[in-house]
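# one predicted model, sequence on top.
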Amino acid sequence: MERKIEVFSTEGITIEYSIIGKGEPILVMHGGHSNCNEEFGCDFLIENGFSVITPSRPGYGKTSKEVGESLPITCEYYTKLLNQLNIEKVHILAISAGGPSGIYFAAKYLEHVKTLILQSAVTKEWLTPKDKEYKIAKSLFHPKFEKITWKLISTMNNRFPLFIFKQMFPSFSTLKYNEAKNKIDIDDIEAIRRMNHRQRSGYGFYIDLEQINQITIEDLQAVSCPTLIMQSKYDGSVPLEHAYYAQTNIPSSELCLIDSWGHLIWLGKSSNETNYNLINFLRSHKNS
């Protein structure tokens with residue numbers, strides 16, 4: 001099905017977004033280095049009668065970086081987008097570094113939210129300036145250099161798909177590659193290659209590094225809608241403690257641990273487990 005990409009402008013601010021599918025709307029808050037072209041998990045939702053709306057988060061794609069001054073400002077613009085689309089209520093699907101935005105929106109805009117789904121999501125303090133990974137990311141994905149970084153990665157990935165898959169694997173999984181072989185699907189190598197072709201950081205990842213640490217325990221405790229927390233048992237990108245923390249502090253939440261090989265729970269031989277658990281949850285709250 002064709003993905004329609006639009007731009008919504010208001011008060012000198014631009015929000016890029018895509019819509020694909022017809023049916024009950026799901027507002028996706030994509031992960032880091034992504035944009036409104038995010039593909040993971042979309043096909044199954046569309047096939048099951050949902051419409052997927054994916055804004056490029058602040059600083060990603062064509063969305064103004066000013067939208068990311070703070071979580072309250074970011075979420076205020078999401079409500080403006082929903083009003084522009086004449087949509088009253090949505091399911092919120094927040095992925096990885098999009099977790100804080102999803103949690104904050106669900107906590108503060110109860111009237112617009114049917115359910116909240118957190119997939120491999122950041123739910124508390126994550127990367128901080130004292131962390132080695134933070135310092136490396138700040139260099140590799142600086143707005144001035146990120147285009148070169150992704151060009152190199154995608155070019156290498158085209159030439160050596162299996163090699164790049166194996167090189168990136170430790171950043172996604174706590175398992176060693178040989179331990180995870182029976183969980184990896186042959187199509188995963190191509191899925192990673194496609195992912196690396198659509199990835200860009202813009203100013204977005206720098207904004208993420210600020211926003212991921214703005215979420216508070218009070219925000220989680222204020223989420224009153226039904227919430228599904230999904231994460232791989234072997235996530236090497238976002239520690240599993242984030243899922244347990246969310247389950248402990250979000251009142252109406254349930255935890256679903258997936259036996260996938262890592263952070264990208266839409267890939268691997270357990271991808272159907274991810275898809276069916278999500279669809280069953282959405283259907284059980286279809287008229288929330």
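Arrived safely, thanks for sending.

# those strands in the stretch 151-288 of the chain, which residues are they?
227-232, 253-258 (DSSP state E, counting those that start in this stretch).

# which one, of the ones you listed, ends up nearest to I92?
Smallest distance to I92 across those (C-beta to C-beta): 9.2 Å, for strand 227-232. From N, CA and C alone the C-beta is placed, and that goes for glycine too.

# parallel or antiparallel, which strands does that closest one pair with?
Using DSSP bridges, strand 227-232 pairs in its sheet with strand 113-119 (parallel), strand 253-258 (parallel).

# ranking those by burial, who's on top?
Compared across the strands paired with strand 227-232, strand 113-119 shows the largest average neighbour count, a mean of 25 (mean count of other C-beta atoms under 10 Å).

# quick check: next helix or strand after that strand?
helix 132-140 (DSSP states H and E).

# could you give the average pLDDT over that following helix?
For helix 132-140, the mean pLDDT works out to 82.

# in that helix, which residues are buried?
Across helix 132-140, burial judged by 16 or more other C-beta atoms under 10 Å covers A137.

# how about stretch 164-178?
Neighbour-count burial for stretch 164-178 [16+ other C-beta under 10 Å]: 164-165, 168-169, 172-175.

# keeping just the C-alphas, turn it into CSV.
The C-alpha coordinates for stretch 164-178 follow below in CSV (Å, rounded to 0.1, in the frame of the first residue of the first chain):
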residue,chain,number,x,y,z
ILE,A,164,27.9,-5.4,8.3
PHE,A,165,25.0,-7.4,9.9
LYS,A,166,27.6,-9.2,12.0
GLN,A,167,29.4,-6.0,12.9
MET,A,168,26.3,-4.3,14.0
PHE,A,169,24.8,-7.3,15.8
PRO,A,170,26.5,-6.6,19.2
SER,A,171,24.9,-3.2,19.3
PHE,A,172,21.4,-4.8,19.1
SER,A,173,21.8,-8.0,21.2
THR,A,174,23.3,-9.3,24.4
LEU,A,175,23.8,-12.6,22.7
LYS,A,176,26.8,-13.6,20.8
TYR,A,177,26.2,-14.1,17.1
ASN,A,178,26.7,-17.8,17.3
